[in-house]
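Chemist: Here is the input, now give the coordinates:
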Amino acid sequence: MEQISERKPLHIISGNVIHGRGIGKLVSMPTANMEISDQSALPPVGVYITEILLDGQVYYGITNIGRRPTVDNDREISVETHILNFNKEIYGKSIRIQLFSRLRSQKRFENFSLLLEQIWTDCIAARKFFGIGQTVSRLYMSAAKRQVIIGGNEVYLSVKEFDILYMLYANPDVAYTKEQIYEAVWHEPSNGYCHAVENTIFQIRKRIRDYSPGHDFIKTVIGFGYKFNAG
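Modeler: Numbers count the residues shown, from 1 in each chain. Below is the predicted model:
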């Protein structure tokens, strides 16, 4: 089998993307769920750094193999991959995943916020592994410390403000709709209600304006939503 990378993978999994439970979208981390016919052929459960081959393109991400102790008590093993800088519907498509490094074992988190922080940390580890740096020099965000630094100055944001800005910052090539942002940050269906997103983004811009005169880190995509603006 032809390899995606010069590195030797620990394991390779191929299959089709199927519908999951949509939990990933509610924590701003949508996943590609794979159909697995032979679970006995899977590697040990845990979270892995992965390369993904989809439609002839190579992407990077993290893959969770195992149960979902924070989400439910289902005993079934699943394979779920979060692809960095990716926000497209790929249900039914063929996907190949190469596992390169096992980050950690599975853990049950008390709430979705703690789970999200861990996933962010895992994504940072994947970026470092593949040498994918942030494109931003003036702004730095730490998911682990929930810290925002612009030009050497620390900026204090509320929980929702941080989550929205980090969602855009961590996926700089992706534009998100207001509905997607609401469901990811508020962890519930938007039902067409997006005023909270608009209001929170207004507050973010207001808080960081003095630290980035003449530059807005959040770009409004007219008729669609928002994306990160590295400048």
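
Chemist: and stretch 177-197, which residues are buried?
Modeler: Across stretch 177-197, burial judged by 16 or more other Cβ atoms under 10 Å covers 177-187, 190, 194, 196-197. C-beta here means a position set from N, CA and C on the backbone, and glycine is covered the same way.

Chemist: and the residues you listed, which of them are in helices?
Modeler: Among the buried residues of stretch 177-197, the ones falling in helices (DSSP state H) are 178-186, 196-197.

Chemist: Return the set of buried residues in the helix or strand bottoming out on mean pLDDT in the chain.
Modeler: When the helices and strands of the chain are compared on mean pLDDT, DSSP states H and E, helix 112-130 comes out lowest with a mean of 82. In terms of neighbour count (16+ other Cβ under 10 Å), helix 112-130 has its buried residues at 115-120, 122-127, 129-130.

Chemist: Return the closest of the residues you listed with respect to E76.
Modeler: In terms of Cβ to Cβ, no member of these lies closer to E76 than L115, at 18.8 Å.

Chemist: The closest residue to that closest one other than its chain neighbours: neighbour count?
Modeler: Closest residue to L115 apart from its sequence neighbours, by Cβ to Cβ, 6 or more residues apart in numbering: F109 at 4.2 Å. Neighbourhood size, F109 [other Cβ atoms under 10 Å]: 15.

Chemist: As a check, name the ranges of all helices in this protein.
Modeler: Under DSSP H, the chain gives helices at 112-130, 159-169, 178-186, 195-208.

Chemist: Of these, which is nearest G151?
Modeler: Across the helices of the chain, G151 has its closest neighbour in helix 195-208 (10.2 Å, Cβ to Cβ).

Chemist: follow-up on the earlier one: ok, which pair from the buried residues of stretch 177-197 is furthest apart?
Modeler: Checking these against each other with Cβ to Cβ, the farthest-apart pair comes out as T177 and H187, at 16.4 Å.

Chemist: one step back: give me the pLDDT for the residue nearest to L115.
Modeler: We have a pLDDT of 78 for F109.

Chemist: what comes into contact with stretch 201-209?
Modeler: Contacting residues not belonging to stretch 201-209 are listed as 148, 150, 155-158, 161, 164-165, 216-218, 226 [Cβ atoms under 8 Å, 6 or more residues apart in numbering].

Chemist: what about 10 Å?
Modeler: Stretch 201-209 is contacted from outside by 139, 148, 150, 153, 155-158, 160-162, 164-165, 168, 178, 181, 212, 215-218, 220, 225-226, using Cβ atoms under 10 Å, 6 or more residues apart in numbering.
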